[in-house]
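Participant: Turn this into a structure:
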Amino acid sequence: MPEAEHRLCARHVYANLRKKWKGVQYRDMFWKLAKSSNEVDYAKYVKEIKELDLTAWKFLEKKDPKHFCRFFFKATAKCDSVDNNMAEIFNGSIIEARFRPIITMLEDIFESIMARVASRKTIAQSL
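Facilitator: The predicted model follows:
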């Protein structure tokens with residue numbers, strides 16, 4: 001799949017950053033950088049991080065921001081999420097099912113997905 005885009009979960013990159021650089025200012029700067037969607041904003045937040053702590057920027061630079069900053073994502077991508085919360089939520093919803101035999105597990109997952117689709121349909125029809 002030569003056209004596949006490799007991304008890192010920004011939440012995990014931030015968790016690693018937070019181990020050494022704690023504080024609200026680092027958190028806010030990181031998330032502004034990760035969610036920046038244009039070159040001007042990206043450059044502005046890089047500059048702010050460098051001014052705050054150059055070693056923190058060097059840490060992020062090693063992680064290669066093109067893998068976790070929205071600015072670098074291809075325009076053809078169907079998702080601009082910078083974290084993998086969707087996968088985390090799904091994995092959290094199937095915790096009990098994961099310990100069952102495969103057929104029972106798949107049936108449990110199918111039932112929960114169908115219940116979610118039905119509830120979302122009801123909500124959408126009521127709008």
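
Participant: switch to C-alpha atoms for all contacts and neighbour counts from now on
Facilitator: Will do.

Participant: Tell me where the model's unsure across the chain.
Facilitator: Applying pLDDT under 70 to the chain flags residues 78.

Participant: quick check: longest helix of it.
Facilitator: helix 102-126 (DSSP state H).

Participant: need the contact list for the residue at minimal distance from the centre of the chain.
Facilitator: Centroid-nearest residue in the chain, with Cα atoms, centre = their mean: Asp83, separated by 0.2 Å. When contacts are counted by Cα atoms under 8 Å, 6 or more residues apart in numbering, Asp83 touches Leu8, Cys9, Ala10, Arg11, Phe68.

Participant: Domain-wise, how is the protein divided?
Facilitator: 10-72, 94-126 (automatic domain parsing).

Participant: neighbouring contacts of stretch 32-45?
Facilitator: So stretch 32-45 is contacted by Ala10, Met29, Val46, Pro65, Phe68, Cys69, Arg70, Phe71, Phe72, Val82 (Cα under 8 Å, 6+ apart).

Participant: how about a cut-off of 6 Å?
Facilitator: By Cα atoms under 6 Å, 6 or more residues apart in numbering, the list of residues contacting stretch 32-45 from outside reads Cys69, Arg70, Phe71.

Participant: Format those as a markdown table; extra columns: secondary structure, distance to Glu39 and neighbour count.
Facilitator: Below are the contacts of stretch 32-45 laid out as a markdown table (DSSP: H, G, I helix; E, B strand; the rest coil; distance: Cα to Cα, whole Å; neighbours: other Cα atoms under 10 Å):
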| residue | secondary structure | distance to Glu39 | neighbour count |
| --- | --- | --- | --- |
| Cys69 | coil | 11 | 27 |
| Arg70 | helix | 10 | 23 |
| Phe71 | helix | 7 | 21 |
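
Participant: From Lys50, how far out is Lys74?
Facilitator: Between Lys74 and Lys50 the computed distance is 26 Å (Cα to Cα, to the nearest Å).

Participant: before we move on, what about Phe30?
Facilitator: For Phe30, the distance to Lys50 - Cα to Cα - is 11 Å.
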